[in-house]
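S.K.: Structure for this input, please:
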Amino acid sequence: MKLPLLLALGIDLEEALQKTLGLELGEVLSTLPHEVVKRYIDNLKQILSRGKLDSALSDEEVAIHIACLVLMGSKRAVYRYSTILSKYFNHAYLANAPEEGLLKYAKLLGLNIIIDNGCRESVVELIDSTRRAIVSCYRYAIPYHQYIEATIRLSKDARWKFVNQYVKGGYVYLKERPRVSRILEEVFMNRLINAMDKLLRDDELRYHLQELGISQLCGDVTEELTPQQVSFENRESTHVQSYDLAIDSLDKLNIYVELFPPCMKRILDRLLNGENLSHQERFALATFLINIGTDLDVVLELFKHSPDFNERIARYQIEHLAGLRGSKKKYLPYSCKTMKVLNLCVSECGVKNPLSYFFKALKEVRRRGASTTS
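M.R.: The predicted model follows:
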């Protein structure tokens, strides 16, 4: 189970996959049999529901779990998953590692822990009734600033508070090895959460996963969890978006059409001219309109120009793309790379997704407007 550790060490997902499996994420998904992928996803649901991991996961299974978590977009699910892996990391690796191994993991995680074979510090804790000194042996030491940073969450417990530690010469001294392992677990968890959160914000990764067709398999991996375990946060809409638009009429939509990328302008023109759009064109335009904030009734109104328009079917399809039906996943438009493959790209715009083009153009218009009024 090297993949989580590599991610926690700040290594890019694709590079980490190359180091562990020698494959790209798309290759992992395409080479695994359907039933294996489904088993991995079912296992993810069980892991999140039970809150613990009994045995090591293969790196290919972790890759599938990450793909589903990215598509789901729930930070709390990522937090829970990272916490579970971190506890297993401590139980399976840190707790049983020789002291040299513990130092190796500490160094990898950026902690300058010192371990003394004897007593690095001998401290008289108390004098008993016979005037005999009770001495504690502190074998482990960690720079105080690293201790404070690593135990922010743990310090809610008085036993971990900095003021209750033995501090000398810029170091916090510890007696028990399990406390050292617990600190490493916490650092590992925080680093893994940060790495996973970065993946959640990676629009290109999400587009890629949607194009690979794994969304339907993943479903909602939190469906068996209680609200206390994890709350679903729908973050399927692109993070490029900087403005909350509410386009609730065709007149409002017309204001923004000039900011559309050339590909979307062309598809929209074809629709308004009554031409019969391909399935890919309909998907691209509908998902684009939904993700810029267009009211679903406005989207439906536009598609009434289709020669084969059926309101019942069209409404169902639009609501499905908006995440209101079926898998409850809000779909994103094709990436520019896919638009080119589908022969829907009409201009080299220098962006990776039509949404990026629109929101960059909108941001520039807002900026110019602000500078004009200032």
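S.K.: Can you give me every residue that contacts the nearest residue to Leu13 once chain neighbours are set aside?
M.R.: In this structure, Leu13 finds its nearest non-sequential neighbour in Leu199, 6.2 Å apart by Cβ to Cβ, 6 or more residues apart in numbering. (Each C-beta comes from the backbone N, C-alpha and C, glycine too.) Shown in contact with Leu199 (Cβ atoms under 8 Å, 6 or more residues apart in numbering): 13, 66, 69-70, 205.
S.K.: if we go to 10 Å?
M.R.: Counting by Cβ atoms under 10 Å, 6 or more residues apart in numbering, Leu199 touches 7, 12-13, 66-67, 69-70, 78, 205-206.
S.K.: next structured bit after the host helix or strand of Ala77?
M.R.: Using DSSP states H and E, Ala77 maps to helix 75-89. Next helix or strand after helix 75-89 toward the C-terminus (DSSP H and E): helix 99-108.
S.K.: Wait, a helix at the residue nearest to Leu13?
M.R.: Yes. Under DSSP: H, G, I helix; E, B strand; the rest coil, Leu199 falls within a helix.
S.K.: name the helices or strands packed onto the helix or strand harbouring Arg366?
M.R.: Under the criterion of DSSP H and E, Arg366 resides in helix 354-373. Helices and strands touching helix 354-373, as assessed by 3 or more Cβ pairs under 10 Å, 6 or more residues apart in numbering; DSSP states H and E, comprise helix 203-211, helix 250-256, helix 262-272, helix 279-291, helix 336-341.
S.K.: Poorly predicted segments of this protein, please.
M.R.: 123-131, 133-134, 219-244, 326-328, 369-374 (pLDDT under 70).
S.K.: mind giving me the domain split of it?
M.R.: What the record gives for the chain is the domain set 3-94+188-218, 99-180, 250-373, from automatic domain parsing.
S.K.: Most tightly packed of those?
M.R.: domain 3-94+188-218 (a mean of 18; mean count of other Cβ atoms under 10 Å).
S.K.: so how far is that domain from its chain's centroid?
M.R.: Distance of domain 3-94+188-218 from its chain centroid, counting by Cα atoms, centre = their mean, to the nearest Å, is 9 Å.
S.K.: do the same with stretch 107-118
M.R.: Counting by Cα atoms, centre = their mean, stretch 107-118 comes out at 30 Å from the chain centroid.
S.K.: got the end-to-end distance for that stretch?
M.R.: Stretch 107-118 has an end-to-end distance of 21 Å (criterion: Cα to Cα, to the nearest Å).
S.K.: Give me the residues contacting it.
M.R.: Contacts of stretch 107-118 (Cβ under 10 Å, 6+ apart): 5-6, 8-10, 99-100, 102-103, 105-106, 120, 137-143, 146-147, 149-150, 171, 173-174, 177, 180, 183-188, 190-191.
S.K.: can you do 8 Å?
M.R.: Contacts for stretch 107-118 (Cβ under 8 Å, 6+ apart): 5, 8-9, 99, 102-103, 106, 120, 137, 139-143, 146, 150, 171, 180, 183-184, 187-188, 191.
S.K.: What about those residues, which are in helices?
M.R.: 5, 8, 99, 102-103, 106, 146, 150, 180, 183-184, 187-188, 191 (DSSP state H).
S.K.: Which residue is the nearest non-sequential neighbour of Phe162?
M.R.: Ile148 (5.5 Å).
S.K.: in which helix or strand would I find Glu35?
M.R.: Going by DSSP H and E, Glu35 is part of helix 34-50.
S.K.: Please report phi then psi for Asn273.
M.R.: phi -90, psi 0 (degrees, to the nearest 10).
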